[in-house]
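J.: quick one: sequence and predicted model below, then my questions.
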Amino acid sequence: MKLIEKYLHDPCGTLSIPYWKHKNISTPENMLIIHQRNFSEQQYIGYDDQLYFRLYHNLKQIKGNALDGFIIKTASKNDIPMVVDIINRSYDDITVSYDQLIEFTKTRVYDSNLWILVLDASTSDVVGCGIAELDKELREGVIEWIQVLPEYRGKKIGTLIVNELLERLSQAARFATVSGKKDNPTQPEMLYRKCGFTGNDIWHILTKKQSI
């Protein structure tokens, strides 16, 4: 069976990343990527191990995408500085630059309708954002970035963003995938499961330990 056929049959169990990324990037020499079913701790004792989940959505049953007090707006390229600001204010350990996001808009999976902002209706302040991608070859949607400012968390804004992106993806995609760190303290996996994502695929991203 060809890789693309295997991937369409079981995307999250076949590759740790979307098919389009797999075709365009190479795994570094010091890194191994192993699915949980093939993993043995003793076999990879010389590697640092970071676990990632990967989940699937059939885009058939999408939950509500409205929330009192908040407004969804499609982001334009003029809004990219604002998206950069939201992402960087949402993380302690991740930063992005304007140039990085501009590069995202040059990929074949960029869709301007899949970049969104959430505004507080009472202040018009932007409090969250979301970015998804669309692989037109496989008709796969990919949830890429979901950010909510720390002071606005716990208000179901993350759920609003994910469901809105799923609704938009359902117009063109056959399915959607998402991945993230298993041990992320913000518990993104729980958010995605609340929005209808399913699956139990875990991938080990193994980086060879430096010799002392």
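T.: Arrived safely, thanks for sending.
J.: the strands in the protein, which residues?
T.: 31-35, 47-57, 70-74, 115-120, 126-135, 140-148, 175-181, 198-208 (DSSP state E).
J.: next, count neighbours for the residue nearest to residue 58 when sequence neighbours are not counted.
T.: Counting by Cβ to Cβ, 6 or more residues apart in numbering, residue 175 is the residue found nearest to residue 58 once chain neighbours are left out, at 5.7 Å. C-beta coordinates here come from the backbone N, C-alpha and C atoms, glycine included. Residue 175: 18 surrounding residues under other Cβ atoms under 10 Å.
J.: so residue 175 bridges to which residues?
T.: As for beta bridges, residue 175 partners with residue 140 under DSSP bridges.
J.: output the strands of the chain in TSV; the columns should cover mean pLDDT and distance to residue 108.
T.: Shown next, in TSV, are those (pLDDT from 0 to 100; distance: least, Cβ to Cβ, whole Å):
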stretch	mean pLDDT	distance to residue 108
strand 31-35	97	23
strand 47-57	97	21
strand 70-74	98	20
strand 115-120	98	16
strand 126-135	98	8
strand 140-148	97	12
strand 175-181	98	17
strand 198-208	97	24
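J.: can you add distance to residue 91 and give those back as JSON lines?
T.: Shown next, in JSON lines, are these (distance: least, Cβ to Cβ, whole Å):
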{"stretch": "strand 31-35", "distance to residue 91": "22"}
{"stretch": "strand 47-57", "distance to residue 91": "16"}
{"stretch": "strand 70-74", "distance to residue 91": "21"}
{"stretch": "strand 115-120", "distance to residue 91": "17"}
{"stretch": "strand 126-135", "distance to residue 91": "13"}
{"stretch": "strand 140-148", "distance to residue 91": "8"}
{"stretch": "strand 175-181", "distance to residue 91": "12"}
{"stretch": "strand 198-208", "distance to residue 91": "18"}
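J.: spatially central residue for this protein, please.
T.: In the chain, the centroid-proximal residue (Cα atoms, centre = their mean) is residue 144; its distance is 3.0 Å.
J.: give the bridge partners for the closest residue to it other than its chain neighbours, please.
T.: Distances taken as Cβ to Cβ, 6+ apart place residue 131 nearest to residue 144, at 4.7 Å, with adjacent residues excluded. Residues in a beta bridge with residue 131, per DSSP bridges, are residue 115, residue 145.
J.: give me every residue that touches residue 131.
T.: By Cβ atoms under 8 Å, 6 or more residues apart in numbering, the contact set of residue 131 is 83, 104, 114-116, 144-145.
J.: farthest-separated two in the residues you listed?
T.: Within the contacts of residue 131, 104 and 116 form the most distant pair, 14.2 Å apart (Cβ to Cβ).
J.: which helix is the longest one in this protein?
T.: Once the chain is assigned using DSSP state H, the helix that runs over the most residues is helix 157-169.
J.: just the angle between that helix and strand 115-120, please?
T.: Using axes from the mean of the first three to the mean of the last three Cα atoms, to 10 degrees, one finds that helix 157-169 and strand 115-120 are set 140 degrees apart in direction.
J.: just checking, what packs against helix 157-169?
T.: Judged by 3 or more Cβ pairs under 8 Å, 6 or more residues apart in numbering; DSSP states H and E, the packing partners of helix 157-169 are strand 70-74, strand 115-120, strand 126-135, strand 140-148, helix 188-194.
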